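>>> Output the structure for:
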Amino acid sequence: MKFRKSCVQFFTSTIIGTKILSLYSASNMRCDISRFSVLLIGIFLGICFSSFFIPIFRSPTRFVSYPPENFDLTGDNTSLRNPDTTIKLIDSTSLFNSSAKWAQETRPVEELKSEVRPLNEPGRVEVRGSSEELKSEVRPLNEPVLETLYPSTLDDVTRQIRIFRGTVKKYGNKEDFPAFKRLAGVGGFCESANPTLIGGVNRGHATLVLLHECPNLKIIGFEIQTDEFAIAKEKLKPYPNVELFNLGWGEAEKSGLVISGARGIAGIYETAGTGRAKFKKQEATASVKSMADWCDEKGVQTTNYLLIDVEGYEPKVIRGMHLNEEKNQRRFSVFQYELGGTWARNDPRHDKDWSQKIMAEYVVSFGYDLFLIGSQNWMKVQPAFFEEGSHMVNEGYGKFIQGNLLCVHKKFSAKSVQDLVFASANTVS
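Residues are numbered from 1 along each chain as shown. A predicted model of the protein is given here:
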């Protein structure tokens with residue numbers, strides 16, 4: 001549209017300039033100018049007129065601003081890559097601000113009526129689209145940390161994959177330790193009367209990391225290995241606020257389950273004849289119980305945080321949380337689970353269970369937002385992020401994402417936690 005208008009202006013100006021010059025030449029006998037010269041001079045006048053005089057009559061007072069990820073500066077026409085992006089109107093006479101956090105497109109609003117929605121409330125950004133999720137994420141512009149928050153951009157899977165490829169080491173499976181420190185800064189997290197549950201205590205390493213940040217944090221831990229359970233109990237003896245159970249989590253109550261592997265790589269799986277010889281079968285067996293059922297029996301109505309690290313048993317544990325029931329969405333409003341090689345399609349520890357994508361879709365369907373846990377921030381991801389692709393790791397048993405995933409319920413999680421995590425996600429670039 002912009003290029004077409006410019007062409008019309010140029011040719012109109014050239015024709016007018018050529019006609020005026022021809023009339024002048026015809027009326028002035030002393031001025032003998034060839035037709036070719038008249039045309040060249042007319043084109044020159046057309047360029048000058050369309051470049052310097054016509055823009056004066058065009059209003060430059062209102063422009064639109066887009067986030068850079070959705071902004072295409074290539075070609076003759078500047079355009080939006082994502083039509084559902086957040087749009088902010090500004091009053092400005094400057095054509096481009098090089099110090100701004102995003103580019104300012106210089107077309108007048110009249111040319112972009114179909115792409116722009118006005119701001120109904122001063123100081124707020126309005127999000128286009130009917131999605132309730134996006135509407136709930138609108139924040140006042142006077143909050144500096146959230147000033148550049150664009151929900152539609154955070155949910156852009158292509159952007160998530162691009163960023164992940166460049167920062168994959170920042171989202172490893174040990175990066176949840178520094179993330180605990182960030183959570184400890186949330187008001188009320190360390191002092192909560194509700195317990196923090198840890199599935200897969202092992203020798204108590206993650207538990208001690210949490211206690212380092214929050215010495216009085218109420219923790220209930222679970223470990224299936226008898227020897228590791230005894231070691232953890234001895235290490236955590238100085239903390240009366242910690243309670244341990246020699247029990248595992250699962251989809252339903254079961255006992256006599258095979259344990260393979262040792263220490264931190266032990267889990268409920270069978271590897272005989274699978275080529276995973278290093279994961280040797282233990283003599284001891286495991287008992288498991290649905291987390292939702294266990295909480296019902298113990299009278300645990302709400303948890304502060306839930307950490308799941310069970311070496312391939314994660315799908316069964318999460319299904320055992322019964323998130324289809326609202327009371328359990330309230331009970332487990334913030335939890336994390338480990339990703340990694342145990343989710344690979346053909347890994348024997350996975351037992352042909354749900355893929356990372358299917359599990360992400362399952363959790364999101366009950367009202368949770370998903371975030372990869374990083375050493376410096378949390379990165380918001382969509383279930384489609386877990387579609388098998390080149391951004392994933394493959395150790396020979398299938399593709400997977402390494403790391404840990406944080407699940408935050410939109411409705412039932414504490415606002416302080418939501419604000420912290422979303423503000424952090426907004427810094428990811």
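>>> Low-confidence stretches in the chain?
Counting by pLDDT under 70, the chain contains low-confidence ranges at 1-14, 17-152, 273-277.
>>> let's see 50
Along the chain, segments meeting pLDDT under 50 span 2, 29, 54-107, 109, 112-114, 116-131, 133-151.
>>> Quick check: longest strand in it by residues?
The strand of greatest length in the chain, counted in residues with DSSP state E as the criterion, is given as strand 281-290.
>>> what sits up against the helix or strand that that strand is followed by?
Reading on from strand 281-290 to the C-terminus, the next helix or strand found by DSSP states H and E is helix 291-298. Counting by C-beta atoms under 8 Å, 6 or more residues apart in numbering, helix 291-298 makes contact with 197, 199, 247, 249, 253, 300-301, 303, 306, 317, 320-322, 325, 328, 331-332, all of which sit outside it. For every residue, glycine as well, the C-beta is placed using N, CA and C.
>>> again, but for stretch 336-347
Under the contact criterion C-beta under 8 Å, 6+ apart, stretch 336-347 has outside partners 173, 176, 267, 276, 305-312, 314, 317-318, 349-350, 352, 355-356, 373, 393-395, 397-407.
>>> Give me the subset of these lying in strands.
Among the contacts of stretch 336-347, the members found in strands (DSSP E) are 305-308, 373, 393-394, 399-400, 404-407.
>>> Filter those residues down to just the buried residues.
When neighbours are counted using 16 or more other C-beta atoms under 10 Å, the ones in strands among the contacts of stretch 336-347 contain these buried positions: 305-308, 373, 399-400, 404-407.
>>> Can you say which two of the residues you listed are spatially most distant?
Across these, no pair lies farther apart than Tyr305 and Lys399, at 29.1 Å, counting by C-beta to C-beta.
>>> Might you report the residue contacts of Arg182?
For Arg182, the contacting residues are 420, 424, by C-beta under 8 Å, 6+ apart.
>>> C-terminal to whichever strand or helix holds it, what's the next element?
For Arg182, the element it lies in under DSSP H and E is helix 176-184. Using DSSP H and E, the next helix or strand after helix 176-184 towards the C-terminus is strand 196-199.
>>> leaving aside the residues next to it on the chain, what's closest to Phe371?
In this structure, Phe371 finds its nearest non-sequential neighbour in Trp378, 3.8 Å apart by C-beta to C-beta, 6 or more residues apart in numbering.
>>> and that neighbour, how many neighbours?
26 (other C-beta atoms under 10 Å).
>>> so it sits right up against Val421, yeah?
Yes: between Trp378 and Val421 a contact is recorded at 5.0 Å, counting by C-beta atoms under 8 Å.
>>> overlap in contacts of the two?
Taking C-beta under 8 Å, 6+ apart as the contact criterion, the residues that touch both Trp378 and Val421 are 371, 406.
>>> what's the closest of the ones in strands among the contacts of stretch 336-347 to Gly185?
Tyr305 (13.7 Å).
>>> Return the distance of that closest one relative to Val417.
In this structure, Tyr305 and Val417 are 9 Å apart, going by C-beta to C-beta, to the nearest Å.
>>> who touches both of those two?
Contact criterion C-beta under 8 Å, 6+ apart; residues bridging Tyr305 and Val417 by contacting each: 183, 189, 334.
>>> Skipping its backbone neighbours, what lies nearest the first one in space?
Spelled out, it's Leu183. Phe189 (5.5 Å).
>>> Go ahead and confirm the one you found touches Lys181.
No: with the criterion set as C-beta under 8 Å, Phe189 and Lys181 do not qualify as a contacting pair; they are 10.9 Å apart.
>>> between these two, which one's more packed in?
Relative neighbour count places Phe189 above the other of Phe189 and Lys181, with 22 against 13, counting by other C-beta under 10 Å.
>>> List the residues that contact that one.
Residues counted as contacts of Phe189 (C-beta under 8 Å, 6+ apart) are 183, 214, 304-305, 416-417.
>>> Where do the helices of this structure begin and end?
If you assign secondary structure with DSSP state H, the helices in the chain sit at 2-27, 35-48, 132-136, 151-154, 157-167, 176-184, 205-213, 226-235, 291-298, 314-319, 326-331, 356-364, 415-425.
>>> Break the chain down into its structural domains.
Per the record's domain assignment (automatic domain parsing), the chain is made up of the domains 2-57, 62-129, 156-425.
>>> What is the end-to-end distance of the last one?
Domain 156-425 stretches 13 Å from its first residue to its last (C-alpha to C-alpha, to the nearest Å).
>>> Can I get stretch 212-223 in CSV, CA atoms only?
Only the C-alpha atoms of stretch 212-223 are listed here, as CSV (Å, rounded to 0.1, in the frame of the first residue of the first chain):
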residue,chain,number,x,y,z
HIS,A,212,20.0,-23.4,53.0
GLU,A,213,17.7,-20.7,51.6
CYS,A,214,14.8,-21.4,54.0
PRO,A,215,16.0,-23.1,57.2
ASN,A,216,12.5,-23.3,58.7
LEU,A,217,10.8,-24.5,55.6
LYS,A,218,8.4,-27.3,56.3
ILE,A,219,9.4,-30.3,54.1
ILE,A,220,8.0,-33.8,53.6
GLY,A,221,10.3,-36.0,51.5
PHE,A,222,9.9,-39.4,49.8
GLU,A,223,12.5,-41.9,48.8
